[in-house]
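Participant: take a look and give me a structure for this.
(one chain, ligands or ions: 1)
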Amino acid sequence: EHNSMEEILKKTVVPLPTYEMREKSPPPPESNSLEFMHFYKSLEKEQRLEFLEKLSHDFGVDHRWASDLAAKMLDTQGRDVATILQVEDRLRYSLTPRYRQLLTHISKVQGGVKFLVDLRADLIEFASSKISDSPHMRDLNSTLKSLLSEWFSVGLLQLERITWRSPCEILQKISQYEAVHPVRNWTDLKRRVGPYRRCYAFTHASMPGEPLVVLHVALTEDIANNIQGIVREFATVDVDEDVNKINAAIFYSISSTQAGLQGVELGNYLIKRVVRELQSEFPHMAQFSSLSPIPGFSLWLQGTLGQHKKEGRATELLSEQEWREVEDVTGAAPGAPALEALRRLIGTSEWIRSDRLVHALEPALMRLCAWYLYGEKRRGYALNPVANFHLQNGATMWRLNWQADTSPRGIANSCGIMVNYRYFLQETSTNSTAYMQNKVIKASEQVVGLVSQFQKNSKL
Ligand SMILES: CC(C)(COP(=O)(O)OP(=O)(O)O)[C@@H](O)C(=O)NCCC(N)=O
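Facilitator: Down below sits the predicted model:
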C-alpha cells in the first residue's frame, strides 16, 4: 500500500525542469494527472491525509537550491540591474514547490479544477480539525489557494440570474444549497425567484451547472427589519413588480457551495456584482443592505450570564429594574435564582411567550446583542462570523432589529434579533481597509448608542 503511494507520487510529480529548460520542457502526459486524480479519489480520508503529507513534505521547495541562489543573490549586490534581475528570477523559480506544476497540469484536464477545489476542501478540513498543522501542509494549502484565486477571479466568473425558468437541476441546487433560510417546498422556492425577489449565482466554465455562491435578494420599499415578511409572505407569485415600490435591495441569504473555495472571497464579489446589476435595472435604487442572522448570540448570552453569576456581577447585565421584572414574572428570588431563571427561559425560548418579559427584556437583550456583535472579538476581528464577513466587505453595522426573526430557530439562535449590515457604496472600500488593517468597526448611531449603554452598565 505504502509503496503504491510513493510510486504514484514519484511518477506523477515530475521534477521541476532546470531554469534554462523551464519553458522548453513539454508537459507530462495527461495520463499522469488522471492517474493522480483517480488514485487520490480511491483513498479513504486518513489515507488522503497521509498522501497529502507525503506530497507536501517530499515534493515541495528544494531548500538547498533556493538557499544557494539566495546566497548568490546577496553576492550580486551592486552589480548591474540586469544581472540582479536574472539572479532574482532564478531564485524566484527555485522557490516554486515541485507539486505546484502537478496542480497546474491537473487544472488542464477534464474535471481537474473541480478535483482541486475538492482536494483543498480536504486540506481545509484537515487543518481545521487540527489533525495536521504541518508547515508543509499549510504551504500546500496556500499554494493551492493562490492558484484557485487566479482561476476563480471575478473576470472569469459568470453571473447567472436564477428564475422560475431556470433548469430544474439549477433550481434544485439553489434549494439544496440554501444554508440560511431553508427552502421548504416548491411554493417557497417559486416565491424566492418570483416578483420583488432576485436570485443570482456565480458559475465557472470549469464547473458547468454548479452555482459556486448564491445570493438571495428581496426588493423592498425600505430596508427590511423582519425576515418573516420576506420568506413567509404569501405574495401572490404572479403579480407584476411595481417599480415605485422598489427602493431598496435586501440581501437576506448568501451561501457559498464549494468548501474548497473558502478564502477566495466569492461572496464579497457576488454582492458587489449584484449591486451593479440592480443599479442598472433600478437606477433610482439607493439602499443596499443585508438582513442578517446573528448565529451564536443566545449561546454567548448563556455563557455570559453564567460567568457573571459566578462573579456576582449580574447587575452589570441587567439593571435593578430589569431584574425585578424577571423576579416578578418568574417568581424567582433576587440574585442567582433570578439569573438562573433567566438563563433557563432564554435556553428554552419560553420567555417569548410572556409579553411582559418580551417587553422587559428588549432593552437589555438589544444592549447585550449590540455588545456581542461590536465588542466581542476573535484575534481582534468581530467574533460573530456573519458580522466579520460583512465588515470585511466594508459594510456598516447599521441597525439591530427586535423581533426580526420570530421563528423558533430565530428565537433560539439570537433571541429573535437580526441585524442590517448596510452597504454605503462610496464607503465600502474605506471601511473594509479600516476594518482589515486597524480592526475598526463602522457602526451607526443606534449601534454605538446601545454599546455605550452596555458599557455604562458594566463599566467595560
Ligand atoms: C458567508 C459566505 C457566503 C462567505 O463566503 P465567501 O465570500 O466565499 O468568504 P470566504 O469564505 O472566501 O472568506 C460563506 O462563509 C457561507 O456560505 N457561510 C455559511 C452561510 C452563511 N451565510 O453564513
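Participant: from here on, contacts and neighbour counts on C-alpha atoms
Facilitator: OK.
Participant: so what's the residue count around E210?
Facilitator: 18 (other CA atoms under 10 Å).
Participant: contacts only, for it.
Facilitator: E210 makes contacts with I170, K173, T203, H204, as judged by CA atoms under 8 Å, 6 or more residues apart in numbering.
Participant: one more time with 6 Å, if that's ok
Facilitator: Not one residue lies near E210 by CA atoms under 6 Å, 6 or more residues apart in numbering.
Participant: same question, T12
Facilitator: T12 sits next to N32 when contact means CA under 6 Å, 6+ apart.
Participant: so how far is the ligand from it?
Facilitator: From T12 across to the ligand, the span is 30 Å (CA to the nearest ligand atom, to the nearest Å).
Participant: just Y269 next, same as before
Facilitator: Distance from Y269 to the ligand, by CA to the nearest ligand atom: 7 Å.
Participant: quick one: secondary structure of that residue?
Facilitator: helix (DSSP: H, G, I helix; E, B strand; the rest coil).
Participant: excluding its backbone neighbours, what's nearest it?
Facilitator: V154 (7.0 Å; CA to CA, 6 or more residues apart in numbering).
Participant: that neighbour - how many residues pack around it?
Facilitator: Neighbours around V154, by other CA under 10 Å: 17.
Participant: got it, and E125?
Facilitator: By the criterion of other CA under 10 Å, E125 has 16 neighbours.
Participant: show me where the stretch 151-300 of the chain has helices.
Facilitator: Using DSSP state H, counting those that start in this stretch, the helices of the stretch 151-300 of the chain run over residues 168-177, 186-192, 228-231, 266-281, 297-310.
Participant: let's have these in CSV, adding mean neighbour count, distance to L291 and mean pLDDT.
Facilitator: Output for the helices of the stretch 151-300 of the chain, formatted as CSV (neighbours: other CA atoms under 10 Å; distance: least, CA to CA, whole Å; pLDDT from 0 to 100):
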stretch, mean neighbour count, distance to L291, mean pLDDT
helix 168-177, 16, 19, 95
helix 186-192, 17, 15, 92
helix 228-231, 17, 10, 92
helix 266-281, 17, 13, 97
helix 297-310, 17, 16, 91
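Participant: residues contacting the residue in the stretch 1-150 of the chain that the ligand sits nearest to?
Facilitator: Closest contact between the stretch 1-150 of the chain and the ligand, by CA to the nearest ligand atom, is at S149 (9.6 Å). Going by CA under 6 Å, 6+ apart, S149 touches V264.
Participant: near the ligand, which residues of the stretch 51-200 of the chain?
Facilitator: A179, V180 (CA under 6 Å from any ligand atom).
Participant: what about the residue of the stretch 51-200 of the chain found nearest the ligand, neighbour count?
Facilitator: Closest contact between the stretch 51-200 of the chain and the ligand, by CA to the nearest ligand atom, is at A179 (5.3 Å). Other residues within reach of A179, judged by other CA under 10 Å, total 15.
Participant: quick one: pLDDT of the residue positioned nearest the centre of the chain?
Facilitator: Residue closest to the average C-alpha location in the chain (CA atoms, centre = their mean): F389, at 5.8 Å. At F389, the model reports a pLDDT of 98.
Participant: helix/strand/coil for it?
Facilitator: Secondary structure, three-state DSSP: F389 is helix.
Participant: any idea how far H216 is from it?
Facilitator: Here the distance between F389 and H216 works out to 16 Å (CA to CA, to the nearest Å).
Participant: try I411
Facilitator: 22 Å.
Participant: next secondary structure after the helix or strand bottoming out on mean pLDDT in the chain?
Facilitator: Lowest mean confidence among the helices and strands of the chain (mean pLDDT, DSSP states H and E): helix 2-12, at a mean of 86. Using DSSP states H and E, the helix or strand that follows helix 2-12 in sequence is helix 30-42.
Participant: tell me the first helix or strand C-terminal of that following helix.
Facilitator: helix 45-58.
Participant: show me which residues of stretch 51-67 are buried.
Facilitator: F51, L52, E53, K54, L55, S56, H57, D58, F59, G60, V61, A66 (16 or more other CA atoms under 10 Å).
Participant: ok, and what's touching it?
Facilitator: S94, L95, T96, P97, R98, Y99, H136, M137, L140.
Participant: the fifth one: how many residues sit nearby?
Facilitator: Around R98 there are 21 other residues, counting by other CA under 10 Å.
Participant: check contacts around it.
Facilitator: L16, F59, G60 are the contacts of R98 under CA under 6 Å, 6+ apart.
Participant: next, count neighbours for F152.
Facilitator: Per other CA under 10 Å, the neighbour tally for F152 reads 22.
Participant: now the one 10 residues further on
Facilitator: When neighbours are counted by other CA under 10 Å, I162 registers 22.
Participant: for this protein, longest helix please?
Facilitator: Counting by DSSP state H, the longest helix found in the chain is helix 355-374.
Participant: what does the very next helix or strand once past it contact?
Facilitator: Per DSSP H and E, the first helix or strand lying C-terminal to helix 355-374 is strand 377-378. By CA under 6 Å, 6+ apart, the residues outside strand 377-378 that reach it are L383.
Participant: next: stretch 314-331.
Facilitator: For stretch 314-331, the surrounding residues in contact (CA under 6 Å, 6+ apart) are H308, A338, N457, S458.
Participant: just the buried subset of the residues you listed, written out for PyMOL, thanks.
Facilitator: In PyMOL syntax, the buried subset of these is picked out as below (16+ other CA under 10 Å):
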select buried, resi 308+338
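Participant: the ligand contacts on the stretch 301-450 of the chain?
Facilitator: Residues of the stretch 301-450 of the chain lying near the ligand (CA under 6 Å from any ligand atom): V386.
Participant: for the ligand, what's the nearest residue on the stretch 301-450 of the chain?
Facilitator: V386 (5.8 Å).
Participant: mind showing which ranges of the protein have poor pLDDT?
Facilitator: Across the chain, the ranges flagged by pLDDT under 70 are 1-3, 233-237, 459-460.
Participant: and the residue lying closest to P27 once chain neighbours are set aside, which helix or strand is it part of?
Facilitator: Excluding the flanking residues, the one nearest P27 by CA to CA, 6+ apart is H105, at 7.5 Å. For H105, the host element (DSSP H and E) is helix 98-106.
Participant: got the angle for that helix vs helix 2-12?
Facilitator: 70 degrees (axes from the mean of the first three to the mean of the last three CA atoms, to 10 degrees).
Participant: relative to helix 30-42, how tilted is helix 98-106?
Facilitator: 100 degrees.
Participant: next SSE downstream of helix 98-106?
Facilitator: Using DSSP H and E, the helix or strand that follows helix 98-106 in sequence is helix 112-128.
Participant: farthest pair in the buried residues of stretch 51-67?
Facilitator: The span of the buried residues of stretch 51-67, defined through CA to CA, is set by F51 and A66 at 24.9 Å.
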